[in-house]
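K.L.:
Provided below are the primary sequence and the corresponding predicted coordinates.
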Amino acid sequence: MTTSAYTRRTALMTVGIAAATALTGCASTLVPATTQTIEEGAASPSNSERTDFSGEAKIENYDTSAGTYEPATREHRAKNVPKPILPEEANKNSVAGLHANIAYLAAAYTHGFTSGDAECVGKSALNSEDKASLTRAIGHVSDSTWVADPTLIISLKEATPRQDGDTYTWPALLTLKIGPFRVKNRSVEEVPESERSKEFPMDIVARYKDERWVFDTLPTNRSSSSPGAGGTSRV
């Protein structure tokens, strides 16, 4: 994948405005909404469910029917990339449902930029415009253009999201990685260690409507000059 593929617009469609921080060096900041802890009976889990969702949001189940996974090398892109399976609870109006969609988004990003297949992005909670744009970005991946290990990690900072009306906000730390090399038109470029991983704080903002979760992509109010500078972005 080319460096230009990791532009502000590409990142925006991946995880909203927040990803632009890691990919362009511009941290976005929003004036936070007045929030409260999510209330019982809104999108809270039952007593039998998990109550602390802090930490990395990860998908546990993958479809490995394509065959044995082969990581990308400098000679070829990754092969037989396992597909994340959307959890059953993803469409539920619950904390577990929102968490499942966050985990799936991270896995869909990783799968898409590893395989060049945007099918999983289409099942994510991104809105239709963002899905279309991310699909186009993933289209840059080919048998002649790829990166070593594109990975999105979303780590949630709080046990549950905050609620403001019908909007749920979940503070998180985003980590974007590309690995030690990238290939463009079969020309290999080594990636300096300092450029292989970027992380920064963000807010994941979501609403539950029409029996599914949807992530909002909102405009920024102001910008900071460096990645991870403490600004907060929204997905």
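P.N.:
The structure has been received and is ready for your questions.
K.L.:
Which parts of the protein are helices?
P.N.:
8-15, 20-24, 95-115, 119-122, 128-138 (DSSP state H).
K.L.:
could these be laid out in TSV, adding distance to Glu158, mean neighbour count and mean pLDDT?
P.N.:
(Glycine included, C-beta is placed from N, CA and C.) Converted to TSV, the helices of the chain look like this (distance: least, C-beta to C-beta, whole Å; neighbours: other C-beta atoms under 10 Å; pLDDT from 0 to 100):
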stretch	distance to Glu158	mean neighbour count	mean pLDDT
helix 8-15	18	23	38
helix 20-24	20	24	31
helix 95-115	11	25	96
helix 119-122	26	19	96
helix 128-138	24	18	85
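K.L.:
residue closest to the middle of the chain?
P.N.:
Nearest residue to the geometric centre of the chain (C-alpha atoms, centre = their mean): Ala106, 3.9 Å.
K.L.:
relative orientation of whichever strand in the chain runs longest and helix 95-115 in degrees?
P.N.:
When secondary structure is assigned using DSSP state E, the longest strand within the chain turns out to be strand 197-209. Our comparison of strand 197-209 with helix 95-115, counting by axes from the mean of the first three to the mean of the last three C-alpha atoms, to 10 degrees, yields an angle of 130 degrees.
K.L.:
Report all helices and strands that strand 197-209 contacts.
P.N.:
Using 3 or more C-beta pairs under 8 Å, 6 or more residues apart in numbering; DSSP states H and E as the contact criterion, the elements in contact with strand 197-209 are helix 20-24, helix 95-115, strand 167-177, strand 212-215.
K.L.:
Could you name the helices and strands sitting against the shortest one?
P.N.:
Strand 212-215 is packed against helix 95-115, strand 197-209, with contacts defined by 3+ C-beta pairs under 8 Å, 6+ apart.
K.L.:
which one of these lies closest to Glu75?
P.N.:
Glu75 lies closest to helix 95-115 among the helices and strands packed on strand 212-215, at 15.8 Å (C-beta to C-beta).
K.L.:
Show me how far the closest one is from its chain's centre.
P.N.:
The gap between the average C-alpha position of helix 95-115 and the chain average comes to 6 Å, counting by C-alpha atoms, centre = their mean, to the nearest Å.
K.L.:
angle of it against helix 128-138?
P.N.:
What separates the directions of helix 95-115 and helix 128-138 is an angle of 30 degrees, with the same axes, to 10 degrees.
K.L.:
CA atoms only: put helix 95-115 into CSV for me.
P.N.:
These are the backbone C-alpha positions of helix 95-115, laid out as CSV (Å, rounded to 0.1, in the frame of the first residue of the first chain):
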residue,chain,number,x,y,z
VAL,A,95,-23.2,-2.5,26.0
ALA,A,96,-22.1,-5.9,24.8
GLY,A,97,-23.7,-5.1,21.4
LEU,A,98,-21.8,-1.8,21.0
HIS,A,99,-18.6,-3.5,22.2
ALA,A,100,-19.0,-6.2,19.6
ASN,A,101,-19.2,-3.6,16.9
ILE,A,102,-16.1,-1.8,18.1
ALA,A,103,-14.2,-5.0,18.1
TYR,A,104,-15.5,-6.0,14.7
LEU,A,105,-14.5,-2.6,13.2
ALA,A,106,-10.9,-3.1,14.3
ALA,A,107,-10.9,-6.6,12.9
ALA,A,108,-12.6,-5.6,9.6
TYR,A,109,-9.9,-2.8,9.1
THR,A,110,-7.1,-5.3,9.7
HIS,A,111,-8.6,-7.9,7.5
GLY,A,112,-9.4,-5.4,4.7
PHE,A,113,-6.0,-3.9,4.5
THR,A,114,-4.3,-7.3,4.9
SER,A,115,-6.4,-9.1,2.2
